[in-house]
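Q: got a predicted model here, sequence first, then my questions.
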Amino acid sequence: MTLLAIDDLVVEHRSPGRPIVRAVAGASLAVGPGEVVGLVGESGCGKSTLARAVCGLNPVTEGSITFDGQPVTPLGLRKRKLTGIQMVFQDPYASLNPRRRVGDQIADGLRTSRDTATVPADLLERVGLPRDFAGRHPHEFSGGQRQRIAIARALAARPRLLIGDEPISALDASAQSQVATLMRDLAVDSGAGLLFISHDLSVVRLIADRIAVMYLGKIVEVGNTAEVWANPRHPYTQALLRAIPKPDGMGVLPAELPGDVPDPAHPPRGCRFNPRCPQVMDVCRDKEPDFGPVACWLHEPAT
Ligand SMILES: Nc1ncnc2c1ncn2[C@@H]1O[C@H](COP(=O)(O)OP(=O)(O)OP(=O)(O)O)[C@@H](O)[C@H]1O
């Protein structure tokens, strides 16, 4: 069963006097209940834009997003809270209100889910924090603790889909895998889906059932985590895996990718990855590979 279905999604950013930025340019992805999908890709590939569209925060230009069989459309804040989707953002310093007690912020989520049997301290306990933190303010805590509080607040609303938009990238290395694993465990235990966005592939490998690799607005490879890990097929996935920090902590392995992600307002003709691809062929400069699960002319499915 599919909980979240994203089909041929296009999301454009438009501002007066500027070229249209097609940040998501025909992406398809699905998340099932209790499933963890890791969305990876370099900065600027459109991961946040996609996540925000799923929450109704960015309007859909083309294609569709359905959650539980219902189309997701831009909604007012109140309604959005009731859709069963909760997002945990990169920066817990910004997403928590510094002036309100932690318990009161978690209580907002409990009101959303009309859960009268649970108290904020119960949720703090579920995310591994002491119950008496409820009476304190966010500035009293470390980054990792604040992110746990943000997760507790999200869980209070009893989401059926949890989205983490780079939820660990602002944390200390020691807190990163703990917070990622916590999100995975809490989502899976409650039967919720988790879409986990990160540029840290080693953490995604740890928690995700499936990996989706995004490049310049498109999902270029999707598959079972262990399979993608053992046999990455898209040259971009291969390069991302090579850029993983070495297990001994001594630097990173070379990415071997020239240049940066191109400007999505002016994408390259043909395959979007062709100017950086070490295995580029003539067809790649000419025609976009519009197929899955590996959108690459080296892996065109047999018809
Ligand atoms: N509001 C906006 N107006 C115009 N362009 C935008 C807007 N938001 C994002 N973009 C552009 O859309 C593209 C995708 O950005 P997005 O933040 O979705 O990527 P990302 O993969 O999440 O990167 P990051 O990890 O840095 O957040 C980028 O080129 C970005 O500059």
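A: It's in.

Q: quick one: contacts for the spatially most central residue of the chain?
A: Nearest to the mean C-alpha position of the chain, by CA atoms, centre = their mean, lies I197 at 2.5 Å. Neighbouring residues of I197 by CB atoms under 8 Å, 6 or more residues apart in numbering: G38, L39, V40, K47, S48, A51, I163, G164, D165, E166, P167. Quick note: C-beta positions are derived from backbone N, CA and C, even for glycine.

Q: now, those that are in strands?
A: G38, L39, V40, I163, G164, D165 (DSSP state E).

Q: quick revisit: out of the contacts of I197, who's nearest Y236?
A: For those, the closest approach to Y236 (CB to CB) belongs to V40, at 10.2 Å.

Q: let me know the pLDDT of that closest one.
A: Confidence at V40, expressed as pLDDT, is 94.

Q: now swap in L57 and tell me
A: pLDDT, L57: 86.

Q: do A134 as well
A: A134 is given a pLDDT of 97.

Q: how near is it to the ligand?
A: With distances taken as CB to the nearest ligand atom, to the nearest Å, A134 is found 32 Å from the ligand.

Q: wait, that residue sits on Q105?
A: No: under the criterion of CB atoms under 8 Å, A134 lies out of contact with Q105, with a separation of 9.5 Å.

Q: what ranges does the stretch 1-150 of the chain have for its strands?
A: Secondary structure of the stretch 1-150 of the chain by DSSP state E, counting those that start in this stretch: the strands cover 4-13, 21-31, 36-40, 62-67, 70-71, 85-88.

Q: most packed of those strands?
A: strand 36-40 (a mean of 26; mean count of other CB atoms under 10 Å).

Q: wait, what's in contact with L4?
A: With CB under 8 Å, 6+ apart, L4 has these contacts: L29, A30, V31, V54, I65, T66, F67, L161, G193, L195.

Q: 7 Å instead, please
A: A30, V31, V54, F67, L161, G193 (CB atoms under 7 Å, 6 or more residues apart in numbering).

Q: OK, contacts around the residue in the stretch 201-303 of the chain that the ligand sits nearest to?
A: Closest contact between the stretch 201-303 of the chain and the ligand, by CB to the nearest ligand atom, is at P264 (4.8 Å). The contact partners of P264, by CB under 7 Å, 6+ apart, come to V21, R22, A23, G46, L216, G217.

Q: one more: V188?
A: G34, V36.

Q: name the element it belongs to?
A: For V188, the element it lies in under DSSP states H and E is helix 173-189.

Q: for that helix, buried residues please.
A: Buried residues in helix 173-189, defined by neighbour count with 16 or more other CB atoms under 10 Å: A175, Q176, S177, Q178, V179, A180, L182, M183, R184, L186, A187, V188.
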